[in-house]
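1. predicted coordinates and the sequence they were generated for:
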Amino acid sequence: NAGVTQTPKFRILKIGQSMTLQCAQDMNHNYMYWYRQDPGMGLKLIYYSVGAGITDKGEVPNGYNVSRSTTEDFPLRLELAAPSQTSVYFCASSHRDRGSEKLFFGSGTQLSVL
Amino acid sequence: GESVGLHLPTLSVQEGDNSIINCAYSNSASDYFIWYKQESGKGPQFIIDIRSNMDKRQGQRVTVLLNKTVKHLSLQIAATQPGDSAVYFCAENNSGTYKYIFGTGTRLKVLA
């Protein structure tokens, strides 16, 4: 199993550009999440999904969109990139088995908006 | 990558000593807690978890202690090794929700 795979690893965007961060998991997890991690801060939830076709906002959804057409994939879309979106983005998934809801994380995408 | 955790509290320990990393959690309704290790340029990696009906759980070289009275969680690493150098952070969850609250982390430096 590859686990949670994120692409790209690094990206530089100009203000106003758009891009999609890709995330795929091969563990058949029903729950998937997007977090951002700013220096010296904890992870903040952007969006999450409890299954294909179902998504919901987290703590910091503004400026982002998601879709979940399959169990495996959960892309994150930035429509009009702003400097405030410079961050490291992590995708995660979980199965929420009885007694354990641990999150499995991808290796992250470091995004700079200039 | 390297930009994560620039201003985190740092714990420096000698190789072979035990490390104790602390975390204060915020929500008294949280009933599930996880410790993660994050190495530079990588995603967080699961270390150990504990539910609120326990106060101690042991893994391989790691122990998590939970004190619900003061909302405190600690991670003990026995015989700390150079490979343990990383940022460690805790996460809390109320199993009735999908929201995990993450701490800001502690950087562990292992001195040779």
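-> Good, I have the coordinates.
2. contact residues of chain B facing chain A?
-> Neighbours of chain A within chain B, by C-beta under 8 Å from any C-beta of the partner chain: B:1, B:3-8, B:32, B:34, B:36, B:41-46, B:49, B:51, B:89, B:91, B:93, B:95, B:98-105. The C-beta positions use only the backbone N, C-alpha and C, and glycine is treated the same way.
3. for ChimeraX, write the selection for the buried entries among the residues you listed.
-> Entered in ChimeraX, the line below selects the buried ones among those, by 16 or more other C-beta atoms under 10 Å in any protein chain shown:
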select /B:4,5,8,32,34,36,43,44,49,89,91,93,95,98,100,101,102,103,104,105
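4. residue contacts, B:Met54?
-> B:Leu66 (C-beta atoms under 8 Å, 6 or more residues apart in numbering or on different chains).
5. and the one 10 residues further on, by the same measure?
-> If you count contacts by C-beta under 8 Å, 6+ apart, B:Val64 has them with B:Phe33, B:Trp35, B:Ile48, B:Asp49, B:Ile50, B:Lys56, B:Arg57, B:Leu73, B:Ser74, B:Leu75, B:Gln76.
6. repeat that with 7 Å
-> B:Val64 is in contact with B:Trp35, B:Ile48, B:Ile50, B:Arg57, B:Leu73, B:Leu75, counting by C-beta atoms under 7 Å, 6 or more residues apart in numbering or on different chains.
7. quick check: chain neighbours aside, which residue is closest to the fourth one?
-> Using C-beta to C-beta, 6 or more residues apart in numbering or on different chains and skipping residues adjacent in sequence, the residue nearest B:Arg57 is B:Ile50, 4.5 Å away.
8. elements contacting the host helix or strand of the one you found?
-> Following DSSP states H and E, one finds B:Ile50 within strand B:45-51. Helices and strands touching strand B:45-51, by 3 or more C-beta pairs under 7 Å, 6 or more residues apart in numbering or on different chains; DSSP states H and E, are strand B:32-38, strand B:62-67.
9. so that strand versus strand B:32-38, what angle?
-> 160 degrees (axes from the mean of the first three to the mean of the last three C-alpha atoms, to 10 degrees).
10. what angle do strand B:45-51 and strand B:62-67 make?
-> 40 degrees.
11. who's in contact with strand B:45-51?
-> A:100, A:102, B:31-38, B:57, B:59, B:62, B:64, B:66.
12. now do stretch A:33-42
-> For stretch A:33-42, using C-beta under 7 Å, 6+ apart, the contacting residues are A:43-48, A:60, A:66, A:76, A:87-92, A:103, B:3-8, B:89, B:102-104.
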